[in-house]
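K.L.:
Show me the folded form of this:
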Amino acid sequence: MLMELMSTLETGDTLDHYRLDKMVARGGMSTLFKATDLIDGKQVAIKVPYEEMETDPILVERFKREEQIGQELDHPGVVKTYDGEDRSRAYMVIEWVDGRLLRSIMNEERRLPVDRALKIVLGICDALDYMHKHGVVHRDLKPENIMVDSEDRIKLIDFGIAMKEDARRLTYVTMSPALGTPDYISPEQVKGQRGDQRSDIYALGVMLYEMLTGETPFGGPNPLAVMNERLLHDPRPARKLNPAISPELQEILNRALVREPRHRYATASEMAWELEHQDQVGVEDSEHRNSRRGFKLPGGRKMLLYVGLGLIPVVLFVLMLLLAGR
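P.N.:
Numbers count the residues shown, from 1 in each chain. The predicted structure follows:
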């Protein structure tokens, strides 16, 4: 009976003392409703897991971890999750955020003015810096997970695959939710590594690139091709797509999108400082940059490296199919 109730919730239904006013979205693991707290009249968001969640201990643990992270973080740029009172079933009560998804803004405008893009990214940097200092890595940063209000203030949302640095590694049911979204996933995550705060910085670099150019740094006919591209190639310089991008801002993009995490910005505050002090950002020539990052290899070794890297997404895809089948 519980499963049936969870799968048939509709607008107008009451869930404990919350009235479900509107279905906002259906995600990979849950349905999100805009709701009203009938006790104090406050608007909230209610996240209700799908019925299969209850039968999968890994998904249950992920849902609980998301709720716990949302309760522990307290920052104006991070959506708040309210502490759970006694509830008739599993669901999450989240702060209702007025605004629009960054994705909607980017779809409408395609390319944002440089000043506006920087304001949004600096807000994300501030929220990320707070999260990272509290031991939380988002791991699925993308325009769909960022709300923007009328004054371009941001809130990070959806911590479905976020990770606490001291948490044990989980075994995931499928690879895609665990890895994030192909356009924004970092190279180390593509390789199956756990990822850390520098993975979030990589995703932020991808978003800044996309806001400034209207395109993501890497493309391809399918998700595997997109992930493979970032393992083998550098992105096309954003300045070639948008001449309004300064050499210094291009250099900041380069530093955020480095394939090797150790050469990336170590912290979000480090990236924010350079965005705010671009006149003090030194610009490296591409030959020196590639040499410093160790990209130059003898021809034979380079070919073997490319072949090896190219097989990684294929292996991950096969694992995904095998795990899904189980």
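
K.L.:
Could you use CA atoms for every contact and neighbour count after this?
P.N.:
Will do.

K.L.:
ok so residue 20 is a strand residue?
P.N.:
Yes. Per DSSP: H, G, I helix; E, B strand; the rest coil, residue 20 lies within a strand segment.

K.L.:
I'd like to know how far residue 59 sits from residue 28.
P.N.:
11 Å (C-alpha to C-alpha, to the nearest Å).

K.L.:
more crowded one of these two?
P.N.:
Neighbour totals were compared for residue 59 and residue 28, and residue 59 leads with 18 against 9 (other C-alpha atoms under 10 Å).

K.L.:
Spatially, what comes nearest to that one if we skip its sequence neighbours?
P.N.:
residue 53 (5.6 Å; C-alpha to C-alpha, 6 or more residues apart in numbering).

K.L.:
so what's the one you found up against?
P.N.:
29, 59-60 (C-alpha atoms under 8 Å, 6 or more residues apart in numbering).

K.L.:
do that again at 10 Å, thanks
P.N.:
3, 29-30, 59-63, 90 (C-alpha atoms under 10 Å, 6 or more residues apart in numbering).

K.L.:
likewise residue 241?
P.N.:
Contacts of residue 241 by C-alpha under 10 Å, 6+ apart are 209, 212-215.

K.L.:
What is the neighbour count of residue 221?
P.N.:
7.

K.L.:
from here on, count from 21
P.N.:
Shifting the count to begin at 21 puts that one at residue 241.

K.L.:
Got phi/psi on the residue nearest to residue 79?
P.N.:
phi -60, psi -40 (degrees, to the nearest 10).

K.L.:
Let me know the pLDDT of it.
P.N.:
On the pLDDT scale, residue 73 is placed at 73.

K.L.:
can you check the one 3 residues further on too?
P.N.:
Note on residue 76: pLDDT of 80.

K.L.:
next one: phi and psi at it?
P.N.:
According to degrees, to the nearest 10, residue 76 has phi -120, psi 110.

K.L.:
go on, residue 183?
P.N.:
Torsion angles, degrees, to the nearest 10, at residue 183: phi -140, psi 140.

K.L.:
and it, what is it in contact with?
P.N.:
Taking C-alpha under 10 Å, 6+ apart as the test, what residue 183 contacts is 82, 85-86, 89, 155-159, 189-190, 214-216.

K.L.:
ok, 6 Å please
P.N.:
156-157 (C-alpha atoms under 6 Å, 6 or more residues apart in numbering).

K.L.:
how much space between it and residue 251?
P.N.:
23 Å.

K.L.:
cool, and residue 36?
P.N.:
49 Å.

K.L.:
Please say which of those two ends up with more neighbours.
P.N.:
The residue with more neighbours, out of residue 36 and residue 251, is residue 251; 21 against 12, by other C-alpha under 10 Å.

K.L.:
That one in helix, strand or coil?
P.N.:
helix.

K.L.:
what residues are up against it?
P.N.:
For residue 251, the contacting residues are residue 207, by C-alpha under 6 Å, 6+ apart.

K.L.:
so what pLDDT did it get?
P.N.:
pLDDT, residue 251: 87.

K.L.:
quick one: residue 145 is in a helix?
P.N.:
Yes. Assessed with three-state DSSP, residue 145 lies in a helix.

K.L.:
That one contacts residue 290, doesn't it?
P.N.:
No. In this structure, residue 145 is not within contact of residue 290 by C-alpha atoms under 6 Å, at 9.0 Å.

K.L.:
More neighbours: these two, which one.
P.N.:
Set side by side, residue 145 and residue 290 show more neighbours around residue 145, with 23 against 12, by other C-alpha under 10 Å.

K.L.:
Excluding chain neighbours, give the residue nearest to the residue nearest the centre of the chain in space.
P.N.:
Taking C-alpha atoms, centre = their mean, the centroid of the chain lies closest to residue 161, which sits 1.4 Å from it. For residue 161, the nearest residue in space outside its immediate sequence neighbours is residue 223; the separation is 5.9 Å by C-alpha to C-alpha, 6+ apart.

K.L.:
Distance of that neighbour relative to residue 273?
P.N.:
Taken as C-alpha to C-alpha, the span from residue 223 to residue 273 is 11 Å.

K.L.:
follow-up on the earlier one: output the contacts of residue 73 in JSON lines; the columns should cover secondary structure.
P.N.:
As requested, these are exported to JSON lines (three-state DSSP):
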{"residue": "23", "secondary structure": "helix"}
{"residue": "49", "secondary structure": "coil"}
{"residue": "50", "secondary structure": "strand"}
{"residue": "79", "secondary structure": "helix"}
{"residue": "80", "secondary structure": "helix"}
{"residue": "81", "secondary structure": "helix"}
{"residue": "82", "secondary structure": "helix"}
{"residue": "83", "secondary structure": "helix"}
{"residue": "110", "secondary structure": "coil"}
